[in-house]
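> make a model of this:
(chains A and B)
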Amino acid sequence: EAGVTQSPTHLIKTRGQQVTLRCSPISGHTSVYWYQQALGLGLQFLLWYDEGEERNRGNFPPRFSGRQFPNYSSELNVNALELEDSALYLCASSSRLGSPGYNEQFFGPGTRLTVL
Amino acid sequence: GNSVTQMEGPVTLSEEAFLTINCTYTATGYPSLFWYVQYPGEGLQLLLKATKADDKGSNKGFEATYRKETTSFHLEKGSVQVSDSAVYFCALITGGGNKLTFGTGTQLKVEL
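Residues are numbered from 1 along each chain as shown, chains lettered A, B, ... in the order given. So this is what the prediction gives:
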């Protein structure tokens, strides 16, 4: 069974540009989560989508946004990139809210974003 | 709010040594507790979990017991291997928000 997949693996952008990161969950999972792992800041929760709806949002500015598609894959969009957005962006998935094991999140390999 | 405190790293051990990585938490309600491991250049892997007080999670020789009275979830392994070298994260989830709150991570280096 395939795990969570993310694309691209690495990305280099310049300040002010926009970026889109993609995530495909484990088959059968309906929830997708995004986390940022920045140097010195640890792992921080960004967004949670379940059944196409945004369920929870971390303490990030509105230029961080995303969506979930009918096939449960997800995109994370970051507008007006800043230097401090350089980080590893991790996607995770879990089973449907309320189902057994729904709070068990499985992570993808991440997308390394560098902003110059 | 929720928070997780882990012991500072790096922790350097010889192969076959005993490992303990301390983790304590503050949470509203009754959290589920997790240990994740991150190998160099990779994402996070779920190592073990416990969902209620006195539960013991175990996997690959690692164990952790959910201690409500001391709000702790310390990770232990009786005999570490070089392949266990990684960063270990303690984390919790509470309630309906379903977001993981992580500790800062503890880097483990195991030497021959």
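
> got the residues of chain A near chain B?
Proximity of chain A to chain B, by Cβ under 8 Å from any Cβ of the partner chain, involves residues A:4, A:31, A:33, A:35, A:42-43, A:45, A:48, A:55-56, A:58, A:90, A:92, A:94, A:97, A:102-110. Where you see a C-beta, it was placed from the backbone N, CA and C, and this is true even at glycine.

> off-centre distance for stretch B:42-59?
Distance of stretch B:42-59 from the chain centroid (Cα atoms, centre = their mean, to the nearest Å) equals 7 Å.

> for stretch A:36-51, that is, sorry about that
That offset, for stretch A:36-51, works out to 7 Å (Cα atoms, centre = their mean).

> and stretch B:76-87, end to end?
Its start and end residues considered, stretch B:76-87 measures 14 Å (Cα to Cα, to the nearest Å).

> report the buried residues of that stretch.
B:77, B:80, B:84-87 (16 or more other Cβ atoms under 10 Å in any protein chain shown).

> who's in contact with that stretch?
B:9, B:13, B:15-21, B:37-40, B:61-64, B:105-112 (Cβ atoms under 8 Å, 6 or more residues apart in numbering or on different chains).

> the same query, at a cut-off of 7 Å, please.
Defining contact as Cβ atoms under 7 Å, 6 or more residues apart in numbering or on different chains, one finds that stretch B:76-87 is touched by B:13, B:15-20, B:37-39, B:61-64, B:105-110, B:112.

> got it, and stretch A:33-45?
A:46-48, A:58, A:66, A:76, A:87-92, A:105, B:89, B:99-100, B:102, B:104-105.

> from these, which land in strands?
A:46-48, A:66, A:76, A:87-92, B:89, B:102 (DSSP state E).

> and chain B, which residues reach chain A?
Contact residues, chain B versus chain A (Cβ under 7 Å from any Cβ of the partner chain): B:32, B:42-44, B:46, B:49, B:89, B:93, B:97-100, B:102, B:104-105.

> now with 8 Å?
By Cβ under 8 Å from any Cβ, the part of chain B that sits against chain A consists of B:32, B:34, B:36, B:42-46, B:49, B:51, B:89, B:91, B:93, B:97-105.

> gap between the strand or helix carrying A:Tyr33 and the chain center?
Element membership of A:Tyr33 [criterion: DSSP states H and E] is strand A:31-38. Relative to its chain's centre, strand A:31-38 lies at 4 Å (Cα atoms, centre = their mean).

> over to stretch B:105-112?
Remark: stretch B:105-112 is offset 13 Å from the chain centroid, using Cα atoms, centre = their mean.

> cool, and stretch A:81-99?
Remark: stretch A:81-99 is offset 3 Å from the chain centroid, using Cα atoms, centre = their mean.

> from start to finish, how long is it in a straight line?
Start-to-end, stretch A:81-99 (Cα to Cα) is 37 Å.
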